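>>> Return a 3D structure for these sequence lines:
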Amino acid sequence: MFTSHEKIALFIDGANLYATSRSLGFDIDYRKLLTFFQKKAHLLRAYYYTALVEDQEYSSIRPLIDWLDYNGYQVVTKPAKEFTDASGRRKIKGNMDIELAIDALELASTGAVDHFVLFSGDGDFRTLVQAVQRRGRKVSVISTMASQPSMISDDLRRQADHFIDLMSLKAEVGRDPSERPARRFDSQNEDPEL
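Now for the predicted structure:
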(Lines give C-alpha, C1' and ligand atoms only; values in the text may rest on other atoms or scores of the structure.)
Protein backbone atom coordinates (compact mmCIF):
# COMPACT_ATOMS: atom_id res chain seq x y z
CA MET A 1 0.00 0.00 0.00
CA PHE A 2 2.81 2.45 0.90
CA THR A 3 6.31 2.33 -0.56
CA SER A 4 9.41 3.94 0.91
CA HIS A 5 10.04 6.14 -2.15
CA GLU A 6 6.49 7.57 -2.17
CA LYS A 7 5.92 11.12 -1.03
CA ILE A 8 2.82 11.21 1.17
CA ALA A 9 0.72 13.86 2.89
CA LEU A 10 -1.71 13.36 5.77
CA PHE A 11 -4.98 15.28 5.88
CA ILE A 12 -6.63 14.90 9.28
CA ASP A 13 -10.23 15.98 9.83
CA GLY A 14 -9.65 16.53 13.57
CA ALA A 15 -13.27 16.30 14.76
CA ASN A 16 -13.92 13.21 12.64
CA LEU A 17 -10.77 11.40 13.77
CA TYR A 18 -11.54 12.23 17.41
CA ALA A 19 -15.08 10.83 17.10
CA THR A 20 -13.83 7.73 15.28
CA SER A 21 -11.11 6.88 17.79
CA ARG A 22 -13.50 7.48 20.69
CA SER A 23 -16.06 5.14 19.15
CA LEU A 24 -13.31 2.50 19.09
CA GLY A 25 -12.32 3.13 22.71
CA PHE A 26 -8.87 4.66 22.35
CA ASP A 27 -7.13 8.01 21.90
CA ILE A 28 -4.71 8.87 19.12
CA ASP A 29 -1.08 9.34 20.12
CA TYR A 30 -0.09 11.97 17.53
CA ARG A 31 3.63 11.42 18.03
CA LYS A 32 3.20 7.71 17.24
CA LEU A 33 0.97 8.54 14.28
CA LEU A 34 3.63 10.77 12.73
CA THR A 35 6.38 8.20 13.37
CA PHE A 36 4.26 5.39 11.89
CA PHE A 37 3.84 7.21 8.57
CA GLN A 38 7.45 8.45 8.51
CA LYS A 39 8.51 4.80 8.58
CA LYS A 40 6.10 3.83 5.77
CA ALA A 41 7.08 6.47 3.20
CA HIS A 42 8.55 9.93 2.76
CA LEU A 43 6.14 12.06 4.79
CA LEU A 44 6.07 15.48 3.16
CA ARG A 45 3.26 17.12 5.20
CA ALA A 46 0.81 16.35 8.00
CA TYR A 47 -2.18 18.69 8.17
CA TYR A 48 -4.61 18.83 11.09
CA TYR A 49 -7.92 20.69 10.64
CA THR A 50 -10.21 21.85 13.43
CA ALA A 51 -12.54 24.68 14.35
CA LEU A 52 -12.04 26.52 17.64
CA VAL A 53 -14.52 28.30 19.86
CA GLU A 54 -12.68 31.60 20.22
CA ASP A 55 -14.66 33.27 22.99
CA GLN A 56 -14.08 30.56 25.58
CA GLU A 57 -11.60 31.42 28.33
CA TYR A 58 -10.19 27.87 28.16
CA SER A 59 -10.52 25.43 25.30
CA SER A 60 -9.80 21.77 26.04
CA ILE A 61 -8.38 21.33 22.53
CA ARG A 62 -5.91 24.25 22.77
CA PRO A 63 -3.05 22.22 24.39
CA LEU A 64 -3.35 19.61 21.63
CA ILE A 65 -3.37 22.25 18.88
CA ASP A 66 -0.31 23.95 20.37
CA TRP A 67 1.54 20.64 20.71
CA LEU A 68 0.72 19.59 17.13
CA ASP A 69 1.85 22.98 15.81
CA TYR A 70 5.28 22.62 17.48
CA ASN A 71 5.76 18.94 16.62
CA GLY A 72 5.57 18.47 12.88
CA TYR A 73 1.93 19.14 12.04
CA GLN A 74 0.61 22.01 10.00
CA VAL A 75 -2.46 23.08 11.98
CA VAL A 76 -5.33 24.76 10.16
CA THR A 77 -8.03 26.34 12.32
CA LYS A 78 -10.90 28.74 12.02
CA PRO A 79 -13.36 30.15 14.52
CA ALA A 80 -16.44 28.03 15.14
CA LYS A 81 -19.81 29.72 14.69
CA GLU A 82 -22.25 29.78 17.57
CA PHE A 83 -25.99 29.87 16.89
CA THR A 84 -29.34 29.04 18.46
CA ASP A 85 -31.39 26.33 16.75
CA ALA A 86 -35.19 26.35 16.26
CA SER A 87 -35.64 24.72 19.69
CA GLY A 88 -33.69 27.51 21.39
CA ARG A 89 -30.65 25.32 22.08
CA ARG A 90 -27.14 26.73 21.75
CA LYS A 91 -25.23 25.00 18.95
CA ILE A 92 -21.70 25.32 17.65
CA LYS A 93 -20.78 24.73 14.01
CA GLY A 94 -17.25 24.49 12.71
CA ASN A 95 -16.85 22.56 9.49
CA MET A 96 -13.35 22.44 7.97
CA ASP A 97 -14.19 20.46 4.80
CA ILE A 98 -13.59 23.33 2.36
CA GLU A 99 -10.21 24.24 3.86
CA LEU A 100 -9.06 20.61 3.72
CA ALA A 101 -10.30 20.16 0.15
CA ILE A 102 -8.62 23.32 -1.15
CA ASP A 103 -5.29 22.45 0.48
CA ALA A 104 -5.42 18.90 -0.91
CA LEU A 105 -6.27 20.05 -4.44
CA GLU A 106 -3.55 22.69 -4.42
CA LEU A 107 -0.98 20.13 -3.28
CA ALA A 108 -2.23 17.57 -5.82
CA SER A 109 -1.80 20.13 -8.60
CA THR A 110 1.86 20.71 -7.74
CA GLY A 111 2.79 17.06 -8.25
CA ALA A 112 4.79 17.13 -5.00
CA VAL A 113 2.76 14.31 -3.40
CA ASP A 114 2.21 10.79 -4.72
CA HIS A 115 -0.17 9.48 -2.08
CA PHE A 116 -2.76 11.35 -0.02
CA VAL A 117 -3.93 9.90 3.30
CA LEU A 118 -7.30 11.24 4.44
CA PHE A 119 -8.39 10.71 8.04
CA SER A 120 -12.15 11.07 7.73
CA GLY A 121 -15.22 9.01 6.99
CA ASP A 122 -17.23 11.97 5.75
CA GLY A 123 -18.92 11.10 2.45
CA ASP A 124 -18.64 14.74 1.34
CA PHE A 125 -14.97 14.03 0.62
CA ARG A 126 -15.79 11.55 -2.17
CA THR A 127 -15.66 14.32 -4.79
CA LEU A 128 -12.29 15.48 -3.43
CA VAL A 129 -10.91 11.94 -3.63
CA GLN A 130 -12.08 11.68 -7.27
CA ALA A 131 -10.44 15.02 -8.14
CA VAL A 132 -7.12 14.01 -6.54
CA GLN A 133 -7.23 10.65 -8.35
CA ARG A 134 -7.87 12.40 -11.70
CA ARG A 135 -4.55 14.17 -11.10
CA GLY A 136 -2.84 10.77 -10.96
CA ARG A 137 -2.47 10.52 -7.20
CA LYS A 138 -3.37 7.65 -4.88
CA VAL A 139 -5.71 8.21 -1.96
CA SER A 140 -6.00 6.13 1.20
CA VAL A 141 -8.87 6.80 3.57
CA ILE A 142 -8.61 6.00 7.28
CA SER A 143 -11.80 5.60 9.31
CA THR A 144 -13.67 2.57 10.68
CA MET A 145 -16.33 0.05 9.89
CA ALA A 146 -15.83 -1.60 13.30
CA SER A 147 -18.09 0.82 15.19
CA GLN A 148 -21.87 0.77 15.36
CA PRO A 149 -22.85 2.63 13.30
CA SER A 150 -19.95 2.59 10.89
CA MET A 151 -18.00 5.88 10.82
CA ILE A 152 -17.15 5.64 7.09
CA SER A 153 -19.38 6.57 4.20
CA ASP A 154 -19.73 3.60 1.86
CA ASP A 155 -19.26 5.87 -1.18
CA LEU A 156 -16.03 7.32 0.23
CA ARG A 157 -14.67 3.89 1.12
CA ARG A 158 -15.37 2.56 -2.38
CA GLN A 159 -13.85 5.62 -4.08
CA ALA A 160 -10.55 5.45 -2.20
CA ASP A 161 -7.66 3.46 -3.64
CA HIS A 162 -7.17 1.96 -0.19
CA PHE A 163 -9.33 1.87 2.91
CA ILE A 164 -7.53 1.42 6.23
CA ASP A 165 -9.63 0.65 9.28
CA LEU A 166 -8.39 2.76 12.18
CA MET A 167 -8.93 -0.25 14.44
CA SER A 168 -6.12 -2.05 12.56
CA LEU A 169 -3.75 0.79 13.51
CA LYS A 170 -4.63 0.86 17.21
CA ALA A 171 -1.41 -0.86 18.33
CA GLU A 172 0.74 1.54 16.26
CA VAL A 173 -0.98 4.90 16.83
CA GLY A 174 -3.35 4.43 19.75
CA ARG A 175 -3.31 5.09 23.43
CA ASP A 176 -5.93 3.79 25.84
CA PRO A 177 -7.87 6.70 27.39
CA SER A 178 -6.87 5.44 30.85
CA GLU A 179 -3.23 6.16 29.91
CA ARG A 180 -4.00 9.82 29.22
CA PRO A 181 -1.59 12.03 31.18
CA ALA A 182 -2.86 14.56 33.66
CA ARG A 183 -3.66 17.89 32.05
CA ARG A 184 -0.58 19.78 33.19
CA PHE A 185 1.87 21.79 31.18
CA ASP A 186 5.29 22.40 32.62
CA SER A 187 6.67 25.62 31.13
CA GLN A 188 10.20 24.16 31.42
CA ASN A 189 9.18 21.32 29.11
CA GLU A 190 8.13 22.36 25.62
CA ASP A 191 7.04 18.84 24.80
CA PRO A 192 3.89 18.01 26.80
CA GLU A 193 2.65 14.47 26.54
CA LEU A 194 -0.73 14.78 24.91
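
>>> quick one, what contacts the residue lying closest to Leu17 once chain neighbours are set aside?
In space, and not counting its chain neighbours, Leu17 is closest to Phe119: 4.7 Å by Cβ to Cβ, 6 or more residues apart in numbering. Where C-beta positions appear, they are placed from N, C-alpha and C, glycine not excepted. Phe119 sits next to 10-13, 16-17, 142-143 when contact means Cβ atoms under 8 Å, 6 or more residues apart in numbering.

>>> Report the distance from the helix or strand where Phe83 lies to the chain centre.
Taking DSSP states H and E as the definition, Phe83 sits inside strand 81-84. Centroid separation between strand 81-84 and its chain, computed with Cα atoms, centre = their mean, to the nearest Å, is 24 Å.

>>> what does whichever helix or strand comes after that strand contact?
Using DSSP H and E, the helix or strand that follows strand 81-84 in sequence is strand 90-93. Defining contact as Cβ under 8 Å, 6+ apart, one finds that strand 90-93 is touched by 51, 53, 80-85.

>>> Next secondary structure element downstream of strand 90-93?
Next element after strand 90-93 (DSSP H and E): helix 97-110.

>>> quick one: the strands in this structure?
Under the criterion DSSP state E, the chain contains strands at 7-13, 27-28, 42-52, 74-79, 81-84, 90-93, 115-119, 138-143, 162-165, 174-175.
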